[in-house]
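**Student:** Task: produce atomic coordinates for the following.
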Amino acid sequence: MKKVLLSSALCILIGGLVSETQAAIIANVRTTNSTTVSIAEDVADFIVYDSTGSGTTVRKNGGPGIFSAIGADGIVYDGGYGSTPVTLQWSNGNPTDSGSSYYCKYAGFGSSFADPATYMEMQLTMPSTSGTLTLWTYPNGNTGSLSYDITFGKTGDQWTETSTLENIGKIYEFQLSGFTVGDTLTFRVDNVSGSNSWHNFGIYGAQFVIPEPVTALSFVFGGILLAGYRRLFTK
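**Tutor:** The predicted structure follows:
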C-alpha cells in the first residue's frame with residue numbers, strides 16, 4: 001500500500017510540473033552605432049540575409065534551415081546598410097564558407113519607394129522547446145523621425161514593442177522556453193511611419209542557440225524522491 005502511495009505521489013508531482021509548463025518570451029533589446037559580431041560555429045543555426053550587397057543569403061552549412069526568407073507586402077530590397085552599424089562575420093556557411101557583411105535586406109515603407117510596404121516579417125521554426133534567438137536589425141529613418149511596432153511570437157504567446165528609435169542598429173535577443181518543437185514564431189514590423197519619404201527597416205541576420213541540457217535537475221528530483229521514499233518507508 002505504501003508503494004502505491006509513493007507512485008501516486010510521483011504521478012501527481014510530475015504531472016503538475018508538466019501541466020504548468022507555459023511558453024515564455026523574455027526580451028533584451030540593445031542598440032549599437034558600430035559593432036562586429038562573430039557568429040559562433042556551434043550555434044544551432046544562423047542566417048545572413050545579404051552577404052554580398054546583391055542578395056546572396058548565407059545559412060549554416062548542414063543546419064536545419066529554421067529561418068524563413070524575409071516577406072513583405074511590398075518590395076524587399078538588397079544591399080541596405082545605412083551607416084553600417086552592424087557587421088556580421090561567419091564561418092561554416094553555405095554557399096559561402098566564411099566572410100563578413102554589413103548589408104541587410106530591407107523593406108521600404110516611405111512613399112518614395114516604388115512599391116512601399118505596410119509590413120515586413122520573418123519566421124523561426126523552433127528546433128527545440130527552448131533557446132535564444134538573436135536578431136540584428138536596422139530601423140532607418142533616413143535622417144528623419146521614425147516610429148514602428150514590433151510583434152514577436154505566435155498567437156497567444158507574443159511580445160510587443162512600440163519604438164521611435166531610428167538610424168541605429170537594434171539587437172533583439174529573445175530567450176524562449178515552453179514552446180513545442182515545430183512551432184512557428186514570427187518577427188513582424190508594421191505600423192511604420194516616418195517624416196522622410198525614404199524611411200525603411202532592415203534585417204541583417206539571425207542566430208539560434210540551444211541551451212546545454214541541465215543535468216543538475218535530475219539530481220534535484222532524485223533528492224526529492226529519495227527523501228519522499230525515506231519518509232514513507234521509515235515510519
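**Student:** pLDDT weak spots in the protein?
**Tutor:** For the chain, the stretches flagged by pLDDT under 70 are 1-21, 82, 214-235.
**Student:** tell me which element the residue at minimal distance from the centre of the chain is part of?
**Tutor:** Nearest to the mean C-alpha position of the chain, by Cα atoms, centre = their mean, lies L133 at 3.1 Å. Using DSSP states H and E, L133 sits within strand 131-140.
**Student:** re the thing from before, was I right to think the residue nearest to the centre of the chain contacts M122?
**Tutor:** No: taking contacts as Cβ atoms under 8 Å, L133 lies outside contact range of M122: 10.6 Å. Where C-beta positions appear, they are placed from N, C-alpha and C, glycine not excepted.
**Student:** shared neighbours, these two?
**Tutor:** Residues touching both L133 and M122 (Cβ atoms under 8 Å, 6 or more residues apart in numbering): A206.
**Student:** State the number of residues packed around G63.
**Tutor:** G63: 18 surrounding residues under other Cβ atoms under 10 Å.
**Student:** List the residues that contact the nearest residue to it once chain neighbours are set aside.
**Tutor:** The shortest distance from G63 to any non-neighbouring residue, by Cβ to Cβ, 6 or more residues apart in numbering, is to D45 (4.1 Å). By Cβ under 8 Å, 6+ apart, the contact set of D45 is R59, K60, G63, P64, G65, I66, F67, P127, Q207, F208.
**Student:** Which of those fall within strands?
**Tutor:** R59, K60, Q207, F208 (DSSP state E).
**Student:** Separate out the buried members of the contacts of D45.
**Tutor:** R59, K60, G63, I66, F67, P127, Q207, F208 (16 or more other Cβ atoms under 10 Å).
**Student:** Select, from these, the two members most distant in space.
**Tutor:** Maximum pairwise distance in those, criterion Cβ to Cβ, is 13.3 Å, between R59 and P127.
**Student:** where's I171, which helix or strand?
**Tutor:** For I171, the host element (DSSP H and E) is strand 169-177.
**Student:** Of all the residues in that strand, which ones are buried?
**Tutor:** Buried residues in strand 169-177 (16+ other Cβ under 10 Å): G169, K170, I171, Y172, F174, L176, S177.
**Student:** Columns distance to S197 on top of those residues, output as CSV?
**Tutor:** Output for those, formatted as CSV (distance: Cβ to Cβ, whole Å):
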residue, distance to S197
G169, 23
K170, 22
I171, 27
Y172, 26
F174, 32
L176, 37
S177, 42
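**Student:** For A107, which three-state class applies?
**Tutor:** On the three-state scheme (DSSP: H, G, I helix; E, B strand; the rest coil), A107 is labelled strand.
**Student:** List the residues that contact it.
**Tutor:** Each residue near A107 by Cβ under 8 Å, 6+ apart is listed here: I70, A72, G74, I75, V76, Y77, A117, Y119, M120, V189, N200, F201.
**Student:** what about the fifth one, how many neighbours?
**Tutor:** Number of residues near V76 (other Cβ under 10 Å) recorded here: 20.
**Student:** just checking, it touches K105?
**Tutor:** Yes: counting by Cβ under 8 Å, V76 touches K105, with 5.6 Å between them.
**Student:** intersection of neighbour lists for these two?
**Tutor:** Counting by Cβ under 8 Å, 6+ apart, the residues touching both V76 and K105 are I70.
**Student:** which residues of this protein fall in helices?
**Tutor:** 2-19, 216-233 (DSSP state H).
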